[in-house]
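Q: Sharing a model prediction with you, sequence too.
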Amino acid sequence: MRFYVPTDIYVEKNCVKNHTQNLLAMGKRAFIMTGRTSAKKNGSLNDVTAVLDAGRVPYQVFDQVEENPSTDTVWNAAQQAREFGADYIIGIGGGSAIDAAKAAALLLANPSIDADNLHKAPENPLGHVPVVAVPTTCGTGSEATPVAIITNHKIHLKKSIPHKIFPALALVDGKYLASAQKTLIINTAVDALAHMVESILNVYSNAINRMCPEYGLKLWGEFKDALLSDSPVDGSLYEKLMLTSTIAGMSIAHTSTAVPHGMSYDLTLHRACRTAPPSVTSSLPTWKSAKRKFPKMSSAS
């Protein structure tokens, strides 16, 4: 049995500012990858650039990451990062932005690799420049996993690339959920639930790594009623939502996911389903099975 999460993870309010020195220590020139609007609205982009400005670290912002980030997008980002002379990449946003940052970090360190070949397993493990993850949604847990889900539209493929790219640093702050619509919070939180259920049921689950999903499911049960209510999610729950997502990421970092997540890729790529429920709906029978297997999980049901 083994427990391994090499990412330096901090979960707290004003996390980016509180860990200025950790962020500045990542390198001398930063390349920031994010989506078009959300990081600007929720303040995360401003928090990061304020730290870089104060530390006199040059940076460039790439705000063209789309949902289901493509090989073309990460290729363009890597090219711009190379021209800028970046030596580390900061991903700000949900799983799409962080996954895209991981893939771009790999391409930046390996200029001979074509982005269209990202899904091909290398003969030997490839290196990458450091990645900093600043998550702003509470579902993917990409800040705590080595996984990057990238889409190659040329061959109609959405899949994790066969490269392990753990962020060097993850700065997790619940305040970035304040500007999110409740539907987004629900959908991403249910994605985290699916991660934990699938981790427990995975063949690689063991007594050590099961501590993560078991604790995460307990936390999930504590905000379940808030998700089901008609009222807005109370701000006091934001940090718990983000912590649960990160723990869910740690869970699948050890075991991977299971069949329901693999089933969801076709739905999100080809059938215009943009949210988590399709994969989660598929996992409801396994959720019931998990409760029977591990009765302590009943508090989150």
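A: Looks like it arrived, so ask away. Just so we're clear, the structure is a prediction, and the values are computed from it rather than from any experiment.
Q: just for the protein, where's the confidence low?
A: For the chain, applying pLDDT under 70 flags the ranges 259, 262-263, 265-301.
Q: Please enumerate the strands of it.
A: Per DSSP state E, the chain carries strands over the ranges 8-11, 30-34, 59-62, 88-93, 131-135, 149-152, 157-160, 169-172.
Q: for those strands, which one sits closest to residue 123?
A: Set against residue 123 and scored by CB to CB, the strands of the chain come closest in strand 157-160, at 18.7 Å. To be clear about C-beta, it is placed using only N, CA and C from the backbone, and glycine gets the same treatment.
Q: List the strands paired with the closest one, with their directions.
A: strand 149-152 (antiparallel) (DSSP bridges).
Q: okay, which residue is most central for this protein?
A: Against the mean C-alpha coordinate of the chain, by CA atoms, centre = their mean, the closest residue is residue 142 at 2.2 Å.
Q: Contacts only, for that one.
A: Applying CB atoms under 8 Å, 6 or more residues apart in numbering to residue 142 gives the contacts 91, 94, 95, 98, 99, 102, 133, 135, 148, 249.
Q: what angle do the longest helix along the chain and strand 131-135 make?
A: For the chain, the helix that runs over the most residues, judged by DSSP state H, is helix 182-201. Orientation check (axes from the mean of the first three to the mean of the last three CA atoms, to 10 degrees): helix 182-201 against strand 131-135 gives 120 degrees.
Q: Setting the sequence-adjacent residues aside, check what's closest to the residue nearest to the centre of the chain.
A: residue 98 (4.1 Å; CB to CB, 6 or more residues apart in numbering).
Q: got it, and residue 114?
A: Nearest to residue 114 is residue 75, by CB to CB, 6+ apart, at 7.8 Å.
Q: Relative to residue 140, how far out is that neighbour?
A: Distance of residue 75 to residue 140, given as CB to CB, to the nearest Å: 22 Å.
Q: neighbour count winner among those two?
A: Counted by other CB atoms under 10 Å, residue 75 and residue 140 do not tie: residue 140 has more neighbours, with 28 against 18.
Q: quick one, what contacts the nearest residue to the more buried one once chain neighbours are set aside?
A: In space, and not counting its chain neighbours, residue 140 is closest to residue 95: 3.0 Å by CB to CB, 6+ apart. Taking CB under 8 Å, 6+ apart, we find residue 95 in contact with 137, 139, 140, 141, 142, 149.
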